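*Asks:* sequence-free structure coming up:
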């Protein structure tokens, strides 16, 4: 009876013993890398907005406090997006004929709100609360990056759960004095530092239970 | 019956039309395609801010508005939670005397009715879409004639109205058109002299066929007052209930007697004379003269004479003047038959469906040349009226109403009318030919006339804000003396016509929450049934689900039988509110219409019923197929006398619980908060408000009759009911069962993906985004409190996702299919309070966290708090000798525990 397999079948078989797992591993690694790539997570990718609003200009240039526009950051889960009226409190006086601000003027005139594209979009089963993070000394820049340097707004973190847990497991690495929360240039002392541990005391942060599922999911 | 069989024939077989090979092919393709969907990115989300942000609104924080809902015309104060203008939850208003912060199923479910996409949305003229202007044109023309004729031929028919503004408008209309008339018809109202009971002051309460804890205008208030008097101590009230059909009041009784109406009448007379079967009760009443009360509407004159002779009037009961202003329905019917009516304006109501059958409303309406109908729904009556106008919902427009005790509430809207619509006040203003004004102006003008003072604005704002008008009672009502004599009851088979605990009089028929709300006694959903006692059923050879023809005074209706323990012999109870034909897609064709046998001379039924078996069967679906405790002592009951001697005796039962250290798992210590719940079975009246409150709070979907038959209802807190000591005169117990949050949770051990795990505060967490739907947890849960979303229930035909997504609680995930879900102890509320307390650098106060079930409970039976805090209410209650854990012998160490129920029977009373 003739041989079913040719001689080179041996080589192929040997190769596939290594090759198939390698292929699987490669696929997995590619997908893993893809899921973390900026292309997929939209980190560092500015979103298209109805008005090319520049945080760099308003925050760094003019020195406007975060809370002038994001009024509910200290009170509510939602930090708040300013109503058209807030924009127009200045822009009825300055740049009042600028073509880029036409949608803002239209909005006030027609009563139809602006539709901003969400930059930091958490999954719907995550219930993030701005107010408690602000109250406990998590700076705006810790999660949102150096917004004061962004001509167009983009996110600097991929917002995966691992990243949330980094801080929920050990807040000392990230927290700052309450007075520095809205300071865009403040740099936290870093993990394990004495000042971090002291801040836990000062800011009354109870780390027990911070990683319970129901803290964020419900 | 299908719903009773746990293991139906053929459940293990493959469906014939799907071979194994094809199944694997489909599954393979599905998995491949499903993974491909992972490659698409979610579409970007938008944030839409206000153009002008309202001043007091903080985005993401709810606002609460005090207003009121009416049932039977009487106001019950509510607080409506709104998120950015969308009402998402209704709670009782703690400052309103008819609510005291509690709510019932109807108040809770009103939210769903508000968002019902099948509410009427346009003015109809002869069934064709028309406009309000066209109607007002016609009425202006008609008004010319009325001016000359004094309004002859103009008739207004409304439900019972307590709205001061409405009454004022009608009064002005009738003085403008003296020949016109106004009639009231409240299908489930009564014409008797209203009595206001003070049950908190009563130590002995006797109810003669009166379900005062049920959904009456004061039911919530009575529930609270009754429960407060139920605390086991030196003084605990004693309740005697004599009734023909089981009610939640009867289930709370220390002595309950099931009697047919003629026996009941004899008992009432015996009670008055203090002889015969009622001697022991009469003696007890006399012993507590001035601190006792006889509650009855059916035997109102007898009850009143007893209360007067005992000196109870003024202490435990007050008789007040009837507020009824409109004429009787009889008068209107006579006028129409005489041809004296040319314009009939029906303001909210459905007399064609719920009117007495002998009035033949369908024919009557044909005799009136012009009929105008205003209602939330284009219902049965609307179909036969010339004009139909959609009405604004109570939560959509300005109006006012009064509570059972006369307290007035200015009803403010919580959102703009969803589907347009007009209010009663606008229609009346049109008839009055007053300048077109908004309901706000009309209501405000009325109240301004009441408070002409310069600081009206201040008092108006305060009244609107508080939800009650302070110090307003225009005429102190003098009690009426004449009471209609009690109608003598003849023996024979009786028909009893009663309100439905789900659809009331049919007005909630299109409300899926209420259709799927299990009746507290039968646990039937999506149906009504004719209730008979066991011996009557045996005598007539009837079984559950047999369809019988009920013939009563020349009319008949076909109804399925349900054997009801505790039902008096030779009495058949039917609940109205079903068998609608124009309710909407949810309510049409559900159940049978008991109004078909309701005649004007026997509004609550009477003797002379004939029952004939038709041979048909109807499938009735229940949520609890058994009624026995099977020796497991889920509900533990003792007596007050026992309790005084051995306080812990009542809580004994079941097998002994293992010691705390009898476990192979390492002990877990809870150092911080440890949340726990205690449910007091001694005060729980079994009304089920917790079930619907939870449904509203936690975005729980409705599944429909067919799915409930498969045991797939989704309620996170259910109310179990058990019958003890036989089925002829049983003791009935109700037991709310939420998740026990076991410290040794059996569900957690079997989850392969750790989708259910414990929190550091002892919550049994259910993580939806981890759940893969193996359902092992549910199988391992001894309490059966885990619910699995088998189909995409939140998107089914009952949920109407397009409009109803507006009313979802934004703080709770809307679960998809394939995910297990269960009670979370309202973790969204726990977290909200924790965040508030943390921000203020203070501890959480006891009682600050109120789960939805506890908030709704009229009897304050549910307590929630930190069991590590020895001063908290739950910690104290857990130390009570009455405290026990449900199935604690399984070493689950439940965080939800129960307080055993105590009865306070009269040792002199002989049940036989």
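*Replies:* Right, received. Where do you want to start? In this text, all values refer to a predicted model and were calculated from it rather than measured experimentally.
*Asks:* where does residue 191 land on pLDDT?
*Replies:* Went with chain A since none was named. Per-residue pLDDT puts residue A:191 at 56.
*Asks:* let's do chain B instead
*Replies:* 61.
*Asks:* same question for residue B:279.
*Replies:* Residue B:279 is given a pLDDT of 89.
*Asks:* who are the packing partners of the helix or strand containing it?
*Replies:* Under the criterion of DSSP states H and E, residue B:279 resides in helix B:279-287. Counting contacts by 3 or more Cβ pairs under 8 Å, 6 or more residues apart in numbering or on different chains; DSSP states H and E, helix B:279-287 is packed against strand B:204-208, strand B:238-243, helix B:261-273, strand B:292-295. Bear in mind the C-beta positions are built from the backbone N, C-alpha and C, glycine included.
*Asks:* wait, residue A:141 touches residue A:157, no?
*Replies:* No. Checked against Cβ atoms under 8 Å, the pair residue A:141 and residue A:157 is beyond contact range at 11.0 Å.
*Asks:* of those two, who's got more company?
*Replies:* Neighbour count, other Cβ atoms under 10 Å in any protein chain shown: between residue A:141 and residue A:157, residue A:141 has more, with 23 against 14.
*Asks:* now the more buried one: closest residue in space, sequence neighbours ignored.
*Replies:* Closest residue in space to residue A:141, ignoring its immediate chain neighbours: residue A:184 at 5.3 Å, by Cβ to Cβ, 6 or more residues apart in numbering or on different chains.
*Asks:* surely that neighbour is within a strand?
*Replies:* No. Using DSSP: H, G, I helix; E, B strand; the rest coil, the assignment for residue A:184 is coil, not a strand.
*Asks:* how many other residues sit next to it?
*Replies:* With neighbours defined by other Cβ under 10 Å, the count for residue A:184 comes to 18.
*Asks:* equivalent analysis for residue B:826, please.
*Replies:* 27.
*Asks:* contacting residues around it?
*Replies:* B:697-698, B:849, B:851-853 (Cβ atoms under 8 Å, 6 or more residues apart in numbering or on different chains).
*Asks:* could I get the residues you listed as JSON lines with pLDDT?
*Replies:* Shown next, in JSON lines, are those (pLDDT from 0 to 100):
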{"residue": "B:697", "pLDDT": "96"}
{"residue": "B:698", "pLDDT": "95"}
{"residue": "B:849", "pLDDT": "96"}
{"residue": "B:851", "pLDDT": "96"}
{"residue": "B:852", "pLDDT": "96"}
{"residue": "B:853", "pLDDT": "96"}
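*Asks:* so which of those residues comes closest to residue B:575?
*Replies:* residue B:853 (25.0 Å; Cβ to Cβ).
*Asks:* give me the element the closest one is part of.
*Replies:* helix B:852-856.
*Asks:* packing partners of that helix?
*Replies:* So helix B:852-856, by 3+ Cβ pairs under 8 Å, 6+ apart, packs with strand B:86-92, helix B:689-697, strand B:862-866.
*Asks:* can you list those in CSV and add distance to chain A?
*Replies:* Formatted as CSV, the helices and strands packed on helix B:852-856 follow (distance: least, Cβ to the nearest Cβ, whole Å):
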stretch, distance to chain A
strand B:86-92, 14
helix B:689-697, 12
strand B:862-866, 13
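*Asks:* out of the ones you listed, deepest packed?
*Replies:* helix B:689-697 (a mean of 28; mean count of other Cβ atoms under 10 Å in any protein chain shown).
*Asks:* for the following helix or strand past it, give the mean pLDDT please.
*Replies:* Downstream of helix B:689-697, the next assigned helix or strand under DSSP H and E is helix B:705-709. In this model, helix B:705-709 carries a mean pLDDT of 93.
*Asks:* thinking again about what came up before, distance from the helix holding residue B:279 to the middle of the chain?
*Replies:* Remark: helix B:279-287 is offset 34 Å from the chain centroid, using Cα atoms, centre = their mean, to the nearest Å.
*Asks:* what does stretch B:418-437 give?
*Replies:* Using Cα atoms, centre = their mean, the offset of stretch B:418-437 from its chain centre is 30 Å.
*Asks:* got the end-to-end distance for it?
*Replies:* 20 Å (Cα to Cα, to the nearest Å).
*Asks:* show me what contacts residue 138?
*Replies:* You didn't pick a chain, so chain A it is. Contacts of residue A:138 by Cβ under 8 Å, 6+ apart are A:167, A:171, A:174-176, A:181.
*Asks:* if you could check chain B rather than the one you did, that'd help
*Replies:* Applying Cβ under 8 Å, 6+ apart, the residues near residue B:138 are B:370, B:387.
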